[in-house]
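1. Generate a structure from the sequence data that follows.
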Amino acid sequence: MHWYPLVFKPIIKERIWGGTKLRDVLRKPIVSEISGESWELSTVPGDVSVISNGALEGTALNTVVSLNPEAVLGKKVVAQFGNQFPLLFKFLDAHEDLSIQVHPNDALAKERHNSFGKTEMWYVMQADPGAQLIVGFKEDSNAEAYQTALSQHQVVDLLAKHSVQKGDVFFLETGTVHAIGAGTLIAEIQQTSDITYRIYDFDRKDVQGNRRELHTDLALEAINYRRTNSKITYSRNSNESNVMVDCPYFTTSFIPLTDTVSLHSTHDSFTVLMVMEGDGILLYGDEKMPITKGVTILLPAALGPVQLKGIAELLEITIS
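-> Below you'll find the model as predicted:
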């Protein structure tokens with residue numbers, strides 16, 4: 001197989017809180033005014049990404065992985081996760097506040113849903129003036145205080161609000177109560193899981209006049225009631241990979257590209273590049289492909305070394 005960088009058709013999700021930035025800022029093919037998510041790379045059942053370039057165009061990601069697990073995923077990833085692509089990559093446009101929610105850990109998700117948990121991280125691509133994120137509790141709390149506040153529709157008062165701007169990064173371990181606030185455009189990297197427990201939705205109704213389902217009881221055991229330090233500080237050295245998050249599920253680095261960067265494959269893991277800003281060229285072997293803002297690229301583990309050239313800002317994601 002002649003391996004090459006893989007690009008995928010975005011899977012667009014309408015959400016009650018969505019807007020138009022996926023189209024206006026990231027040039028995604030949306031047609032509605034409430035497009036909230038672009039799933040860039042997914043093997044979630046029912047939402048499997050399809051390759052949109054090269055010889056494998058039209059092929060589903062899970063098909064390519066099942067036929068060539070080590071070549072696509074890498075030897076270490078296969079040893080750790082088997083023949084399953086272990087991550088999910090998204091862009092989110094929060095025109096309005098998302099619900100307050102929490103994700104279970106691996107053990108609880110396995111027991112209840114036969115699924116992975118949902119450790120994730122956010123990179124703020126753009127934020128309107130005054131935009132905020134909710135991440136964790138202001139102070140250590142407990143289930144009793146939480147349930148009392150929830151019954152009085154005052155749970156927001158217990159939670160930590162963070163004013164945000166472009167470039168802010170948050171790492172959300174499972175159990176962290178959180179919500180993306182209105183006016184933010186987010187790149188999200190997470191475990192392959194679609195398990196979310198919705199805690200509070202600000203009493204709003206959908207277009208049919210119905211309130212969305214809450215998962216109050218399921219969330220109780222999943223929540224970490226202790227205060228967390230989820231905001232990440234990181235270096236921004238030009239033309240190198242600056243590690244932001246390094247956890248058992250993924251390692252994410254920030255690359256401020258102003259000239260040339262070489263990325264070296266060890267064949268242990270695939271690499272995903274998400275272009276946050278700017279444009280340039282990706283060189284591999286004797287070939288090249290353009291990279292532009294809003295593009296997500298999967299570099300198979302068997303691809304070998306590549307070079308990036310241009311003026312851009314990228315996230316580089318591997319499993320170490």
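2. ok, for Ala219, nearest residue in space, not its chain neighbours?
-> Nearest non-adjacent residue to Ala219, counting by CB to CB, 6 or more residues apart in numbering: Tyr197, 4.1 Å away. Every residue, glycine included, has its C-beta placed from N, CA and C.
3. Report the beta-bridge partners for that neighbour.
-> Val102 (DSSP bridges).
4. ok, which stretches of this protein are helices?
-> Along the chain, the segments classed as helices by DSSP state H run 21-24, 61-67, 69-73, 75-81, 106-113, 143-151, 216-222.
5. most neighbours per residue, which of those helices?
-> A comparison of the helices of the chain by mean neighbour count, using mean count of other CB atoms under 10 Å, puts helix 69-73 on top with a mean of 22.
6. helices or strands next to that helix in the packing?
-> helix 61-67, helix 75-81 (3 or more CB pairs under 8 Å, 6 or more residues apart in numbering; DSSP states H and E).
7. and that helix, average pLDDT?
-> Mean pLDDT, computed over helix 69-73, is 97.
8. what's that helix in contact with?
-> By CB atoms under 8 Å, 6 or more residues apart in numbering, the residues outside helix 69-73 that reach it are 1, 3, 64-65, 78, 81-83, 85, 267, 269-270, 298, 300-302.
9. Just the CA atoms of it, as PDB, please.
-> The C-alpha trace of helix 69-73 is given here as PDB (Å, rounded to 0.1, in the frame of the first residue of the first chain):
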ATOM      1  CA  PRO A  69      -4.200  -1.900  11.800                       C
ATOM      2  CA  GLU A  70      -0.500  -1.500  12.400                       C
ATOM      3  CA  ALA A  71       0.100   0.500   9.300                       C
ATOM      4  CA  VAL A  72      -2.600   3.000  10.100                       C
ATOM      5  CA  LEU A  73      -2.700   3.000  13.900                       C
END
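10. one step back: now do the same contact list for the residue nearest to Ala219.
-> By CB under 8 Å, 6+ apart, the contact set of Tyr197 is Gln101, Val102, His103, Pro104, His215, Leu218, Ala219, Ala222.
11. mind listing what the fourth one touches?
-> Think Pro104. Pro104 touches Arg112, His113, Gly117, Lys118, Thr174, Gly175, Ile195, Tyr197, Leu218, Ala222, counting by CB under 8 Å, 6+ apart.
12. one more time with 6 Å, if that's ok
-> The neighbourhood of Pro104, defined by CB atoms under 6 Å, 6 or more residues apart in numbering, consists of Gly117, Ala222.
13. separation between it and Gln126?
-> Per CB to CB, to the nearest Å, Pro104 is found 30 Å from Gln126.
14. What of the third one?
-> Plainly put, His103 is 24 Å away from Gln126 if you go by CB to CB.
15. These two - which one has more neighbours?
-> His103 (27 against 19; other CB atoms under 10 Å).
16. tell me which of the contacts of Tyr197 is nearest to Val48?
-> His103 (20.8 Å; CB to CB).
17. Surely that closest one touches Phe116?
-> No: counting by CB atoms under 6 Å, His103 stays clear of Phe116, with 9.8 Å between them.
18. Excluding chain neighbours, give the residue nearest to Val155 in space.
-> Leaving aside its sequence neighbours, Val155 sits nearest to Ala149 (CB to CB, 6+ apart; 4.6 Å).
19. Bridged to Arg211, which residues?
-> Lys205.
20. re earlier: the contacts of Tyr197 into TSV, with extra columns for pLDDT and distance to Leu263?
-> Converted to TSV, the contacts of Tyr197 look like this (pLDDT from 0 to 100; distance: CB to CB, whole Å):
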residue	pLDDT	distance to Leu263
Gln101	95	34
Val102	96	35
His103	94	30
Pro104	92	34
His215	91	40
Leu218	92	41
Ala219	93	40
Ala222	95	36
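21. With respect to Ile319, which of the residues you listed is nearest?
-> Nearest member of the contacts of Tyr197 to Ile319, counting by CB to CB, is His103, at 19.0 Å.
22. Quick one, grab the pLDDT at the closest residue to that closest one other than its chain neighbours.
-> Once flanking residues are discounted, His103 sits nearest to Lys118: 3.5 Å by CB to CB, 6+ apart. For Lys118, the pLDDT comes out at 92.
23. Spit out the contact partners of Lys118.
-> By CB under 6 Å, 6+ apart, Lys118 lies in contact with His103, Gln190, Gln191, Ser193, Ile195.
24. try it again with 8 Å
-> Lys118 sits next to His103, Pro104, Ala109, Thr174, Gln190, Gln191, Ser193, Ile195, Thr196 when contact means CB under 8 Å, 6+ apart.
25. cool, Leu108 as well?
-> Going by CB under 8 Å, 6+ apart, Leu108 touches Gly117, Glu221, Ala222.
26. In space, what's closest to the second one - neighbours in sequence excluded?
-> This points to Glu221. Leu108 (6.7 Å).
27. repeat for the last one
-> Using CB to CB, 6+ apart and skipping residues adjacent in sequence, the residue nearest Ala222 is Pro104, 4.3 Å away.
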